[in-house]
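**Student:** Need coordinates for the below:
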Amino acid sequence: MTDWYDKNIEAPLRGIVRHLRDNGINTVISCAHEMYIKCHSSSQYTIDTIADLLLDYMTKTYGKEWANFDVETRCEAHFGRVSYPLIEIRLYLIREQRAYLLKEKRRLTKKGVKQMTPKQIRGLPRETRERLLRVNKLLREMEEVTK
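**Tutor:** Sure thing, here's the model as predicted:
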């Protein structure tokens with residue numbers, strides 16, 4: 001039987017999101033394409049706790065050399081109301097992100113990872129085309145970083 005995490009959280013981030021939530025951190029959104037997790041905070045203690053939880057999880061799961069992340073906070077005001085501080089966690093898990101992007105590219109093109117012609121890309125539905133272009137851009141950026 002699949003649980004909520006299997007159904008709602010993308011595979012590369014599933015373990016980290018589960019670990020944060022199991023330890024009382026309210027995650028609100030995550031994206032495996034861009035490798036980020038966002039959550040609400042009520043204090044500096046939360047930020048310190050998140051950093052400690054991430055370091056512990058990533059060191060155990062990936063090793064120290066793969067425990068790379070940024071934790072940033074910001075407050076937003078909309079229509080005169082200040083929201084909870086939003087915490088964005090940016091993860092640098094290149095292997096997992098690359099594997100996920102290649103799988104997504106195969107799914108979108110239904111042809112594997114072969115190069116599509118511009119004409120074939122234009123023939124895709126708009127949403128699929130935009131998503132595929134974003135995936136391709138991320139893959140190109142990743143190749144530049146890992147050279």
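**Student:** Might you report the residue contacts of the spatially most central residue of the chain?
**Tutor:** Geometric centre of the chain, nearest residue: residue 35, 2.5 Å, by C-alpha atoms, centre = their mean. Going by C-beta atoms under 8 Å, 6 or more residues apart in numbering, residue 35 touches 12-13, 90-93, 96-97. All C-beta atoms are positioned from the backbone trio N, CA, C, and that covers glycine.
**Student:** care to break this structure down by domain?
**Tutor:** 4-92, 97-145 (automatic domain parsing).
**Student:** Could you dump the ones you listed into TSV with mean pLDDT added?
**Tutor:** Below are the domains of the chain laid out as TSV (pLDDT from 0 to 100):
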stretch	mean pLDDT
domain 4-92	83
domain 97-145	77
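**Student:** picking that back up, how much space is there between the residue nearest to the centre of the chain and residue 99?
**Tutor:** Using C-beta to C-beta, to the nearest Å, one obtains 12 Å as the distance from residue 35 to residue 99.
**Student:** Check residue 21 too.
**Tutor:** With distances taken as C-beta to C-beta, residue 21 is found 24 Å from residue 99.
**Student:** on that earlier part again, filter the contacts of residue 35 down to the buried ones and hand me the ChimeraX line.
**Tutor:** Per 16 or more other C-beta atoms under 10 Å, the buried members of those correspond to this ChimeraX selection:
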select :12,13,91,93,96,97
